[in-house]
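Trainee: here is my input, please return the structure:
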Amino acid sequence: SILFNGEPVKRRKILSKSLWPSKVKEISYLSDADQTLQPAMVYTPQKFDDTKRPLLVGLHTWSGDYQQQSGINYAEWCMQNDWHFIYPHFRGANNKPEAMGSEYVVSDIESAVEFMKEKYSIDDNRIYLMGGSGGAYTALLMAGRKPEIWAAVSAWCPITDVKQWWEEKDADTTSYKAYADMIEKA
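Mentor: Residues are numbered from 1 along each chain as shown. Alright, predicted model coming up:
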């Protein structure tokens with residue numbers, strides 16, 4: 001069983017046509033990178049008090065975006081535990097120069113946190129970052145670039161060497177070769 005903060009995480013199969021829970025809303029926030037509106041999925045506890053609550057920033061995978069269904073698990077955990085949650089776009093799939101660890105990505109994620117702190121009662125000492133695969137790659141990048149933001153960072157199955165991963169995927173004869181093409185475009 002997988003634990004998060006010492007509690008079991010409910011896992012379920014998520015189908016491609018499943019929808020985010022109705023309490024999770026699609027929003028836009030302003031990125032300091034280029035003053036563009038960036039989309040995200042957000043959940044905030046429905047309690048009407050000023051209690052400062054933790055924030056979980058979830059990151060989509062390499063070829064995903066802010067609507068990627070795998071983020072639903074993060075949102076549901078936050079709903080069960082009265083945490084704030086944001087699942088930013090951070091320029092979407094890693095198939096263009098402004099994605100894949102760019103200054104835009106760093107600024108988009110930092111701006112997402114600032115947006116949540118301005119709008120909601122966030123405990124500044126309990127801001128967490130979590131991602132798997134390509135999201136874990138970005139989580140590690142953010143841990144190194146903006147360590148002052150995070151109370152903790154969880155990176156599950158991260159890509160830690162993009163050049164090596166490109167070499168492996170470029171030699172692949174299956175559909176996974178598409179990842180090499182994405183890296184080249186980025």
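
Trainee: following the helix ranked longest in the chain, which helix or strand shows up next?
Mentor: In the chain, ranked by residue count with DSSP state H as the criterion, the top helix is helix 103-119. Next along the chain after helix 103-119, taking DSSP states H and E as the criterion, comes strand 122-132.

Trainee: tell me how far that next one lies from the chain's centre.
Mentor: Strand 122-132 sits 11 Å away from the centroid of its parent chain (C-alpha atoms, centre = their mean, to the nearest Å).

Trainee: which outside residues touch that strand?
Mentor: Strand 122-132 has contacts (C-beta atoms under 8 Å, 6 or more residues apart in numbering) with 52-61, 70, 74, 84, 109, 113, 116-117, 137-139, 142-143, 149-158. Every residue, glycine included, has its C-beta placed from N, CA and C.

Trainee: of these, keep whichever come out buried.
Mentor: Neighbour-count burial (16 or more other C-beta atoms under 10 Å) is assigned, among the contacts of strand 122-132, to 53-61, 70, 74, 84, 109, 113, 116, 137-139, 142-143, 149-150, 153-155, 158.

Trainee: and the most centrally placed residue in the chain, what's its pLDDT?
Mentor: With distances taken as C-alpha atoms, centre = their mean, Leu59 lies nearest the centre of the chain, 1.3 Å away. pLDDT, Leu59: 98.

Trainee: on the three-state scheme, Pro21 is what?
Mentor: Secondary structure state of Pro21, per DSSP: H, G, I helix; E, B strand; the rest coil, is coil.

Trainee: if we can go back for a sec, out of the contacts of strand 122-132, list just those in helices.
Mentor: Cross-referencing these against helices under DSSP H gives Tyr74, Ile109, Val113, Met116, Lys117, Tyr137, Thr138, Ala139, Met142, Ala143.

Trainee: backbone dihedrals for Thr173, please?
Mentor: Dihedral pair for Thr173: phi -100, psi 0, per degrees, to the nearest 10.

Trainee: any idea of the mean pLDDT in stretch 169-186?
Mentor: Average pLDDT, stretch 169-186: 93.

Trainee: can you list the buried residues in it?
Mentor: Residues of stretch 169-186 classed as buried: Lys169, Tyr179, Ala180, Met182, Ile183, Ala186 (neighbour count, 16+ other C-beta under 10 Å).

Trainee: which non-adjacent residue is nearest the last one?
Mentor: Closest residue to Ala186 in three dimensions, ignoring its sequence neighbours and counting by C-beta to C-beta, 6 or more residues apart in numbering: Met100, at 3.8 Å.

Trainee: next one: Val42 from Ala171, what distance?
Mentor: From Val42 over to Ala171 the distance is 40 Å, taken as C-beta to C-beta, to the nearest Å.
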